[in-house]
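**Q** next comes the sequence, and after it the predicted model I'd like to discuss.
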Amino acid sequence: MVETRIPPDPIELAIFQSAMHSIAEEMGAALRRTSISPNIKERRDYSCAIFDAERRVIAMGDHMPVHLGSMPMSVRAAVEQLPLQRGDMAILNDPYAGGTHLPDITMILPVFIEMQAKPFFFVASRAHHADVGGTFAGSMGPGREIFQEGIRIPPIRIMRAGEIDQEVLSIILHNVRTPVEREGDLAAQMGACQLGERRLFDIVHKYGLQRIAALTEDLIEYSERLMRAELHKFPAGTFCAEDFLDDDGVGPEPLRISVSIHFEPEAGAVAIDFAGSSPQVAGSVNAVYAITYSACFYVLRCLLAEDAPATAGLMNPVTILAPNASLVNASPPAAVAGGNVETSQRIVDVLLLALAQSVPDRVPAASSGTMSNLTIGGFDPRTKQPFTYYETTAGGMGARPGMDGISGTHCHMTNSLNTPIEALEYAYPFRVRSYAYRKNSGGAGRFSGGDGLIREIELLTESQVTLICERRRFQPYGLLGGSPGASGRTVLFKNGDSPTELPSKCTVHAAAGDVIRLETPGGGGWGKL
Amino acid sequence: MRIAIDTGGTFTDCVYFEDGQLQVLKVFSTPADPGLAVLEGLSRIRVPGHVLVRHGTTVGTNAMIERKGARVAFVTTAGFEDTIVIGRQARARLYDWFQPVPECLVPPELRLGIDERTGSEGQMLRSPTRAALASLADLISTSGAEAIAISLLFSFANAANETVVAEALGSLKLPISISHRILPEFREYERASTVVANAYLSQVAGGYIERLAAKIGQQYEGTVEVMQSSGGIVPARLAAEEPVRTLLSGPAGGVMGAYQFAKLAGFDHIVSFDMGGTSTDVCLVDAQLGGPHLTNESTVSGVPISIPMLDIHIAGAGGGSLARFDSGGLLRVGPESAGAIPGPICFGRGTLPTVTDANLILGRIESGTFLGGALRLDEQRTLNFMEQAKGNISSVEEFAAGILRLVEASMEKAIRVISIERGYDPRDFTLVAFGGGGPLHACSLAHALRISRVLVPPLPGALSAVGILFADAVRDFSRTVMFASDDDPAIVFLELEERGRTEFKAQGLSGTSLRSVDMRYKGQGYELNVPYGEDMVLKFHDQHRRRYGFANERRAVEIVNLRVRMISKAEPLSPPREALRVGDGSQAVIGDRLVYFNGQRCKTRIYDRQALRPGDSFSGPAIVTEYSSATVLPASDTLGVDSLNNLIIEVH
């Protein structure tokens, strides 16, 4: 069956889609330029989106893939749990009520048109905050329950009748390490939502509500049609795969993620089931359902040839099942800080491995599969101030059918930038000794996987070093006979010598003069040599 | 005699003053050796002795796009050899598993390290040994390298090691680009990338400029100057040494030309809108802030370039942009372009609809007047192919109108990026339209952005050359200092100015210095540039509020970079003003035709721009045609000709 219906007006709809997308992009630009912390400004860890009255996403900026599918869940949680009135704005970060992990704070603004009783749109902004309290500076540590990971904000109103609720703000700011920076970043998120609201008023003025409602339906149908057109091309059948996380940082057991993907090309539909995945664990690598959903959304969007708008329609032909209280659908009070950054990547790996059985010529081998999260905290003797540094380090991209993988680049669920070495040494008591390709770490094959990176940092003062890393034991797989990428490792050189290899997830105390050497995994190879 | 010669894709434009009139000569470009067209232009103008040629060149840009530069050896601190290719470790496209491996300008075997280190405060931690320097020189001499780029960590804070390395490699007689000379600023990747680009262009662009200057010197006792991406002029010798500064030579000329005409016409806030065949350049200019916005975060052909350039935003849509339906049935225009070959349908070879074809179908351009009739446009052929391509759309006209609406939507987006997203309201600006396509789309774009005025300068198809003719000589110097806001930067400023004065003196020029500082709140990742002075901290807060919506006067502010811009005003040239006399332009009417506006064909008068006189004024619907462009005036708008022969359109 081939879909033949074309949209009522392919020109009008194209312009509407572009206008909506540019509002989301503009919100993102505003958020980035008004925020304070480098994590938002330099690394660009944020997303903005627009939803219709039914809370379906109709536009999302090209921001962070890991936020793709999870933003609608934030809106749903806010609407279901709060009586949102005109002038109210909701805030949340609770992974168990519309969030992903605690550092990601989402704000939701209902947009009321004229005197209508119900919101006609919702706009939302999400940003990764550099610290939301908890046991570990930077709030990205190996916690054992969510209570150690920082302040947990259920959907509540941070703004009522157009005024910021200072009491709510105050309790948040009292629970984080860097309140001035947080306040600035939260203000930036509110500003981005309000900008989105103003621009939507303009659109309503231009089109009128009826036409917008019609165009919104057309847009969602259009996205759905793009996805179904793609799914028609897949061979029918069920394809299964599994891959493992090394451990949860508490016990040594590997953690399984299993998936079966069932294609129904005639209906243009796909069902994804994660049955068989490990139960949730004591460490912080649990992913809430929103993360799993986002990973699926990401993979499907990459399969589309077109530059498809990320609307709710794309996911209409897709069903996703994930067992309750599992690694891929965690329940409270599981710790989740690492689920967002590590497990999300492994979910993508597993999906690609299953897809490779169905369409081998369209799927890359495994990429590094970890964001190699490194947090260093301490007291800077130069400024006499505490410091917290957090950064992710890229690895190798998996080889593609017909092309080598790219070396030293962020893949899949993240795309944040690095901090320049000259900015880093100026801001923190570190000296970088090396930042280089990790030669021959990419898997060999007809096409080779990209190489990982080596980053060596000398600590100039005593510091607490926290790692959340993966792919130490289970290497990034190759495809069609390609070799796997080299696994990653982290080495601590005490006093510059006597190397100790550190576990993938840990917190250690280091002295001045110690050197941390991070070697990130390479990508898998593709095809026999 | 001063002549500006700007190399374009099809034509090389020569602009000069003769008898008080601005003259333009177009000769066909000679892509294999662009200098041939320059020399042909000069011989056809029959210049007297002592000519001053000011050149806008695309040689550098083309070398970057085609990746046809020198084989560069990159020398950096050992342990950091790969940073030139790691970049910022982000991928170019989020949702594309098959994006190409980015091509680095430096081949892997020429990414070389030297054991040395400078600390973040400029402290010397390790100097390179003599033995290491000697073996580095040996390695490069046998490597087949054609140029050298040196960028060591923290060289902006202490240049000693970089100087030693440069001296050791001097005997190789290769062009050397040194980071603390070209861009003494922090952020190692962007600095190295800029320095590598300079080395990469040293032979192709640097050599081209040298040869051209030598020929013009011999044949005309002439001197040559080159337009820089920053909108200022430098002598050929300096341009040849630092060709990276000429990458956006032509587009910068266009913005400066637009700014000149608008300023003379009394408008000092403009958005320049230059639409060509494959792309559209837009730039925001605010005279109160010293003119066109500058940026040091440009990317040319995927390579970050951090020297100051005009902040020109490029939209991937132009006259040649292709229209197609995607697999979901939506109409899309660009970024794919028909290019010169096969080109639009109406040029006779292409078979896929483009923006130019849509303009032809709707009667906005026509065969008789397009490039003075030099290129015949095949209307029937266009109709046939457009009919086949229009899908379920009711008529070819509606299809064509849809293509224009979509291409205008992407231009609207580009203008929003440079205005609204940076804290400016486009309604406060005049839209200055030029390039072949700018005047065709300007009014409708102004309507969409609620801009109330459009200006089409004279010679809109050769405005880059005009801007180059008028530009001032400019040299930019900078250094990262990381000062507190109350440190005294006087000594560093004086050093930078001394360098500028010496260079100007060599040309017999004297210049004035504009000092500015890049500041930020301590700990921020981005800087804002404000003029240096007593009130700079206040100004910083103000500008932060304007651009970013808030300021925090209690927060510590730091000075990241010091900047000196040395300017030597060009001998003033200004286009003559003519007296205004009331008229309706009827003497310029050359006919009428049916042009498609808002869903129907309207009888529309066609005016010949050459026959319009200052003081003429009329309402739309009308089309003003000229050699390289056409201005579309919708029924709602009114056009007047000012004393400089600008078309000034009031948009309602």
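**A** Right, received. Where do you want to start? Numbering: from 1, shown residues only, chains lettered A, B, ... in the order given.
**Q** show me which residues of the stretch 51-200 of chain A sit near chain B.
**A** Contact residues (CB under 8 Å from any CB of the partner chain) of the stretch 51-200 of chain A with chain B: A:62, A:65, A:180, A:184, A:187, A:188, A:191. From N, CA and C alone the C-beta is placed, and that goes for glycine too.
**Q** buried sites along the helix or strand hosting the last one?
**A** Remark: residue A:191 resides in helix A:179-207, with elements defined by DSSP states H and E. By neighbour count, and taking 16 or more other CB atoms under 10 Å in any protein chain shown as the criterion, the buried residues in helix A:179-207 are A:179, A:181-197, A:199-200, A:203-204, A:207.
**Q** which residues of the stretch 1-150 of chain A fall in strands?
**A** Taking DSSP state E, counting those that start in this stretch to define them, one finds strands in the stretch 1-150 of chain A at A:46-52, A:57-60, A:89-92, A:104-111, A:121-128.
**Q** try the stretch 401-529 of chain A
**A** For the stretch 401-529 of chain A, the strands defined by DSSP E, counting those that start in this stretch cover A:430-438, A:452-459, A:463-468, A:489-493, A:499-501, A:505-510, A:515-519.
**Q** nearest spatial neighbour of residue A:397, skipping sequence neighbours?
**A** residue A:405 (3.8 Å; CB to CB, 6 or more residues apart in numbering or on different chains).
**Q** for that neighbour, what are its contacts?
**A** By CB atoms under 8 Å, 6 or more residues apart in numbering or on different chains, the residues touching residue A:405 are A:364-365, A:367, A:396-399, A:442, A:447-450, A:523-524, B:101.
**Q** please redo it, this time with the cut-off set to 10 Å
**A** A:364-368, A:395-399, A:411, A:442-443, A:445, A:447-451, A:476, A:482, A:485, A:522-526, B:97, B:101 (CB atoms under 10 Å, 6 or more residues apart in numbering or on different chains).
**Q** what about residue B:496, distance to chain A?
**A** 20 Å (CB to the nearest CB, to the nearest Å).
**Q** I figured that residue hits residue B:532, correct?
**A** No - between residue B:496 and residue B:532 there is no contact, the gap being 11.3 Å when judged by CB atoms under 10 Å.
**Q** who touches both of those two?
**A** With CB under 10 Å, 6+ apart, residue B:496 and residue B:532 have common neighbours B:489, B:513, B:515, B:562, B:563, B:564.
**Q** which regions of chain B sit below the pLDDT cut-off?
**A** Low-confidence segments of chain B, defined by pLDDT under 70: B:371-373, B:573.
**Q** does chain A sit close to the longest helix anywhere in it?
**A** Longest helix in chain B, counting residues (DSSP state H): helix B:396-418. Yes - shown here: helix B:396-418 in contact with chain A (CB under 10 Å from any CB of the partner chain) through B:398-399, B:401-406, B:408-410, B:412-413, B:416-417.
**Q** what angle sits between that helix and helix A:179-207?
**A** Counting by axes from the mean of the first three to the mean of the last three CA atoms, to 10 degrees, helix B:396-418 lies at 160 degrees to helix A:179-207.
**Q** okay, buried residues for helix B:396-418 please.
**A** Quick answer for helix B:396-418 (16+ other CB under 10 Å): B:396-397, B:399-418.
**Q** what does the stretch 251-400 of chain B have sitting close to chain A?
**A** Close to chain A, as judged by CB under 10 Å from any CB, the stretch 251-400 of chain B has residues B:325-333, B:335, B:391-393, B:398-399.
**Q** using ChimeraX, define a selection of the buried residues within these.
**A** Remark: buried members of those, expressed as a ChimeraX selection using 16+ other CB under 10 Å:
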select /B:325,326,328,329,330,331,332,333,393,399
